[in-house]
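Colleague: fold the stuff below for me.
(2 chains)
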Amino acid sequence: GAVVSQHPSRVICKSGTSVKIECRSLDFQATTMFWYRQFPKQSLMLMATSNEGSKATYEQGVEKDKFLINHASLTLSTLTVTSAHPEDSSFYICSGGGSTLPGGYTFGSGTRLTVV
Amino acid sequence: KNEVEQSPQNLTAQEGEFITINCSYSVGISALHWLQQHPGGGIVSLFMLSSGKKKHGRLIATINIQEKHSSLHITASHPRDSAVYICAANTGNQFYFGTGTSLTVIP
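Modeller: As a prediction, the model looks like this:
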């Protein structure tokens, strides 16, 4: 089945540094990638939607200059958290879909980010 | 009102029990997903349904499109099934997530 590989699974970084999270679609072309964030004991919340080759669409309240999304190819999307702050500590998950997955999207396994 | 409602919110079961988690949604969907989230946070996609029923090992997922309802069943539950189970409705344009059901299976 379709697989999205997300790395790293856990990362700890210092305040002020940047962290890049990668999501790769392994056996399909992900024309669309969703990026989600999950705070403790809360549901997943959509941060942004990216389509291959175009700029990401960010949800209201999500700072596009802080959460940089790149979807330059059909198999790779990245989320970079810039100038990380302890408040950015959260669980980030991607979900990819494409024309070869009608009606279906597959989820990455998530990245737990801790900013110290 | 949330687009996706899950019940129960918390569930404790004895090992070996049959477990059912319910999901109701109010949006039109192209697919309904069941996700499993372990205490460390990692997400595993369990099922993607657009109709009928799917089975994988001890897990069974059903969906009734007319009633906009899906259930996840776990047969012969085991402590390693302890996790949060999340229902997600895919409209084709976006996902709506339930708040999750926290399952604890006691040996």
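Colleague: from chain B, how far off is A:Gly96?
Modeller: Here the distance between A:Gly96 and chain B works out to 11 Å (CB to the nearest CB, to the nearest Å). Just so you know, the C-beta spots here come from the backbone N, C-alpha and C atoms, and that holds for glycine as well.
Colleague: am I right that that residue is in contact with A:Leu26?
Modeller: No: A:Gly96 lies out of contact with A:Leu26 (CB atoms under 8 Å); the separation is 9.8 Å.
Colleague: which of those two has more neighbours?
Modeller: Comparing A:Gly96 with A:Leu26 by other CB atoms under 10 Å in any protein chain shown, the one with more neighbours is A:Gly96, at 31 against 12.
Colleague: are we agreed that the more buried one is in a strand?
Modeller: Yes: assessed with DSSP: H, G, I helix; E, B strand; the rest coil, A:Gly96 lies in a strand.
Colleague: so how far is A:Thr49 from it?
Modeller: Distance of A:Gly96 to A:Thr49, computed by CB to CB, to the nearest Å: 11 Å.
Colleague: any common contacting residues for those two?
Modeller: A:32-34 (CB atoms under 8 Å, 6 or more residues apart in numbering or on different chains).
Colleague: please convert the buried members of those residues into ChimeraX selection syntax.
Modeller: Only the buried entries of the shared contacts of A:Gly96 and A:Thr49 go into this ChimeraX selection, using 16 or more other CB atoms under 10 Å in any protein chain shown:
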select /A:32,33,34
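Colleague: so which of the shared contacts of A:Gly96 and A:Thr49 comes closest to chain B?
Modeller: Nearest to chain B out of the shared contacts of A:Gly96 and A:Thr49 is A:Phe34 (CB to the nearest CB; 6.8 Å).
Colleague: pull the residues that contact the helix or strand containing that closest one.
Modeller: Element membership for A:Phe34, per DSSP states H and E: strand A:32-38. By CB under 8 Å, 6+ apart, the list of residues contacting strand A:32-38 from outside reads A:23, A:44-52, A:56, A:67, A:69, A:71, A:77, A:79, A:90-98, A:105, A:110, B:41, B:94-95.
Colleague: quick one: which of those sit in strands?
Modeller: Counting by DSSP state E, the contacts of strand A:32-38 place A:23, A:45-51, A:67, A:69, A:71, A:77, A:79, A:90-97, A:105, B:95 in strands.
Colleague: buried subset of the contacts of strand A:32-38?
Modeller: For those, buried by 16+ other CB under 10 Å: A:23, A:44, A:46-50, A:52, A:56, A:67, A:69, A:71, A:77, A:79, A:90-98, A:105, A:110, B:41, B:95.
Colleague: any idea how far A:Gly97 is from the nearest residue to A:Ser95 once chain neighbours are set aside?
Modeller: Of all residues not flanking A:Ser95 in the chain, A:Phe34 sits nearest, at 4.4 Å (CB to CB, 6 or more residues apart in numbering or on different chains). Distance of A:Phe34 to A:Gly97, given as CB to CB: 8 Å.
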